[in-house]
Structures are given as structure tokens and as C-alpha cells.
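Colleague: Generate a structure from the sequence data that follows.
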Amino acid sequence: MHTPKINWFLFVLFSVAAVGVLIAAMISPSIRTLAYAPLREAIMPPPEPIVVSILYSTEKEAWLNEAIINFENTNAAIDGHPIKIELEKMGSWEITAAVLDGTHKPVIISPASSLQIAAFQDASTLQFGTSLVNPADSSICRPVVTTPLVLVAWKERADVLWGSQPGKSIWRDLHDALTDPQGWAAYNHPEWGYVKFGHTDPLKSNSGFMTILLMTYGYHNKTSDLNASDILSNDKYQTWFLETEASIGQFEYSTGPLMEKMVVYGPSTFDIVAVYEATAIEQAENAVGRYGELRVYYPPATLLSDHPFCVLNADWVTPQQTQAAKLFMDYLTSKPAQELALLKYGFRPVDSSIPLEQTGSPFDQYAANGFRADISGIPDVEIPAGNVLNTLRDFWSRNVSR
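Modeller: Here you go, the predicted model:
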């Protein structure tokens with residue numbers, strides 16, 4: 001029987017090549033992706049992923065989960081290391097509290113609004129001597145999608161309370177209806193019982209805090225220059241504010257469940273709620289045919305929930321994690337991710353080149369329910385300084401929290 005001879009020259013050549021690949025890959029992880037796959041996997045482990053941990057608010061959960069799959073399919077890497085995104089959801093105010101108390105050390109925080117970033121900037125500077133976020137640097141701290149706060153009401157009841165469109169005194173009108181002991185009987189509809197309004201817990205949920213901030217601005221009839229004395233040194237405001245809040249039986253922990261309750265249980269539970277526009281869009285189809293027409297109303301001055309993604313300036317965040325976080329943020333603001341956020345999830349893109357009124361857009365589909373693509377005529381209120389925001393939260397916590 002003939003035994004084949006080993007070609008020692010080729011054997012030695014292959015062995016030298018294999019060792020060379022191994023050494024090169026250990027020196028430079030980027031070589032790993034170029035190495036012949038069976039050889040690479042046989043002689044060395046795959047490169048460790050760069051983990052980007054994110055504490056995020058729940059409203060964008062469905063969009064983020066889909067966007068992450070799409071991002072990881074791009075095979076983005078830093079120095080040959082793949083990028084792995086890890087999510088943990090929390091209420092917007094709970095996110096900043098978890099970092100400040102040391103229980104969580106994420107790479108990125110993404111509350112629902114720059115309101116929390118402003119308050120966190122102030123609080124982290126006070127605690128650590130330097131801010132853990134830098135909103136001035138858009139490469140590491142920027143909004144990725146936006147959605148305004150809106151009032152959602154059963155049209156039949158809104159028509160009685162406000163007419164065809166709420167006026168500038170919307171918050172005062174709502175207060176008067178909520179505190180009138182006659183309830184809807186004062187509007188010739190005793191069969192409707194009391195006027196029922198809902199918003200989320202401002203200590204946990206951003207939409208609840210946005211609501212009480214807009215209420216405060218509305219009472220003072222201004223859109224900027226809110227200060228702590230407007231909250232703490234005005235007895236008439238405090239009485240008005242606390243009367244409004246006392247009319248609310250329970251504060252939901254999150255915006256989604258609040259909107260779901262309104263749709264499922266109808267006006268027996270809520271006549272009017274304050275939620276995000278995107279949350280109202282999400283439930284628009286589910287509301288059809290239940291308790292009459294559900295309508296969206298835009299306050300005369302509004303706030304955008306702008307979902308900032310901010311890389312923390314903290315000693316537990318490595319330069320590679322910062323690089324990886326930037327790549328992920330770049331992807332979230334890319335056209336494919338932005339169009340997904342609009343067409344499937346009802347968010348307004350931060351990419352102004354993407355039209356809101358296009359085929360498949362919810363702003364076309366649900367225009368009859370009051371959704372407005374163009375809200376340029378509605379002024380945004382100014383985001384107050386962090387100490388003013390914390391003053392309002394503390395005032396609510398001391399006097400309303402339950």
C-alpha cells in the first residue's frame with residue numbers, strides 16, 4: 001500500500017502563516033476580521049465586544065429594540081471589536097437618580113427630555129464638583145427623536161368644555177372644570193359625573209413633569225423666565241395648582257399605561273389626559289369605535305420630549321465605549337432609523353429633511369383626529385434652570401405625592 005509523502009515545504013509554509021496570523025491578530029484586533037475564518041476560530045477566540053450600556057425611558061422601547069437589531073446588522077466595530085448595546089429601562093427621573101446614588105453606571109443615559117439633563121447637570125455638579133453630562137457637545141449629547149406633549153380627550157366632552165379648539169386659557173379652564181363641585185352638570189351634562197383628568201407621576205415620568213411645568217407656565221401666562229419665586233412665593237398659584245392636582249385620584253407611573261387606560265375604560269375613567277403625541281398615535285387605531293371619537297389638542301405653548309442620548313463624563317466610561325456610543329448615536333440619527341421612528345412609531349425625526357406628511361405617515365393617517373404635522377406656530381416654553389426644575393419637583397413631592 002502506497003503512503004502519500006508529506007510535502008514538508010508546504011507544511012512548514014502553512015504553519016508559519018498560521019503563527020503569523022495569530023501574532024498579527026493579537027497585536028491588532030482589526031486583523032481578526034480579515035483572517036481566514038476556520039483558521040481564526042480554531043486558533044484564537046473572537047474579539048471581546050465593546051458593551052455600551054444604556055439607561056433609557058420606556059416610551060421609545062419598541063423603536064430602540066428594532067433599531068438596535070438593524071445597527072448590529074451593520075457590523076459596526078471599534079478596532080476590530082464588535083459593539084454590543086445593552087438596554088435597561090426606567091422612568092426618566094429614576095434614570096438620573098440611579099446614576100447619582102451610584103446604583104447604576106451606564107455609558108449612556110437617555111431620559112425622555114432635556115428637562116432631566118438640565119436638572120442632572122445641576123445635581124451632578126453639586127455632588128461631584130463637575131457635571132457628568134455636557135449638552136453643549138452634540139457629538140456626545142444630542143436629541144434623537146422628538147414628540148410634543150398633547151392633551152387627548154373624548155371629542156364630545158372637549159367640545160363642551162373648550163369648543164372647537166382650546167384657547168390660551170386652556171389650563172385655567174381645565175382647573176375650573178375639575179374643581180367645580182357640579183362637575184359636568186355645570187355644562188348641562190350631569191350624566192357624565194365629575195370631570196376626570198389624568199397625567200403621570202412627575203417624580204417618575206417625564207410627561208407628568210412636563211404637564212405640571214406647562215400648567216405653571218400657563219398660570220403665569222408666560223413662556224420663559226420661570227423662576228423659583230413663581231413657585232414658592234405665590235400663594236394664589238400654589239392654591240390653584242394644588243386644587244388641580246387634588247382632583248386626580250391616581251398618578252400613573254408611565255405614559256403608555258395611562259393612555260391605554262383611557263382607551264380601554266373610556267370616559268368612565270378619563271375625559272382628558274396629558275400624554276406624548278407619539279403615545280397618542282400609538283393608541284389611535286385601538287380607540288376607533290370604542291367610546292366615540294378620540295381627539296388630540298395642542299396646548300397654546302408646548303414642550304418637546306426630545307429624547308437626548310448623552311454619554312456620561314464618568315471614570316467608568318472608557319474611550320472605546322465613548323467611540324462606540326457615538327457610532328450608535330450616529331446610526332439613530334441616520335435616515336433609515338429616523339424614518340422607522342416616524343412611519344412605524346409616530347416620533348418626529350430630528351432629521352429635518354424627512355417630511356412628516358408622506359405616504360404611510362401617521363400624521364396623514366390620523367389627521368382627522370387632530371394630529372398636526374406643522375406645529376411651528378405653537379411656541380415652545382423655555383427649559384428653566386436646573387434649580388427651578390428641582391424646586392417644582394420638590395414642591396409637588398411635599399404637597400401632592402401619594
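Colleague: Pull out the buried positions in stretch 64-72.
Modeller: 64, 67, 68, 71, 72 (16 or more other Cβ atoms under 10 Å). From N, CA and C alone the C-beta is placed, and that goes for glycine too.
Colleague: Tell me the pLDDT of residue 203.
Modeller: Predicted confidence (pLDDT) for residue 203: 92.
Colleague: What segments of the stretch 201-350 of the chain are helices?
Modeller: 206-220, 228-232, 235-246, 255-265, 277-287, 319-332, 335-345 (DSSP state H, counting those that start in this stretch).
Colleague: Can you tell me which of those helices is most buried?
Modeller: helix 206-220 (a mean of 24; mean count of other Cβ atoms under 10 Å).
Colleague: What's the mean pLDDT across that helix?
Modeller: Per-residue scores along helix 206-220 average to 96.
Colleague: quick one, phi psi at residue 147?
Modeller: phi -160, psi 130 (degrees, to the nearest 10).
Colleague: If we ignore the residues flanking it in sequence, what's nearest it?
Modeller: residue 278 (4.0 Å; Cβ to Cβ, 6 or more residues apart in numbering).
Colleague: residues contacting the one you found?
Modeller: By Cβ atoms under 8 Å, 6 or more residues apart in numbering, the residues touching residue 278 are 59, 147, 345, 346, 347, 348.
Colleague: Can I get the residues you listed in JSON lines including pLDDT and distance to residue 358?
Modeller: As requested, the contacts of residue 278 are exported to JSON lines (pLDDT from 0 to 100; distance: Cβ to Cβ, whole Å):
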{"residue": "59", "pLDDT": "87", "distance to residue 358": "23"}
{"residue": "147", "pLDDT": "96", "distance to residue 358": "17"}
{"residue": "345", "pLDDT": "93", "distance to residue 358": "15"}
{"residue": "346", "pLDDT": "94", "distance to residue 358": "13"}
{"residue": "347", "pLDDT": "97", "distance to residue 358": "14"}
{"residue": "348", "pLDDT": "97", "distance to residue 358": "13"}
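Colleague: ok, so of those, who is nearest residue 381?
Modeller: The shortest approach to residue 381 among the contacts of residue 278 belongs to residue 147, at 15.5 Å (Cβ to Cβ).
Colleague: just checking, the closest one touches residue 346?
Modeller: Yes: between residue 147 and residue 346 there is a contact at 7.3 Å, judged by Cβ atoms under 8 Å.
Colleague: what do the two both touch?
Modeller: With Cβ under 8 Å, 6+ apart as the test, residue 147 and residue 346 both reach 277, 278.
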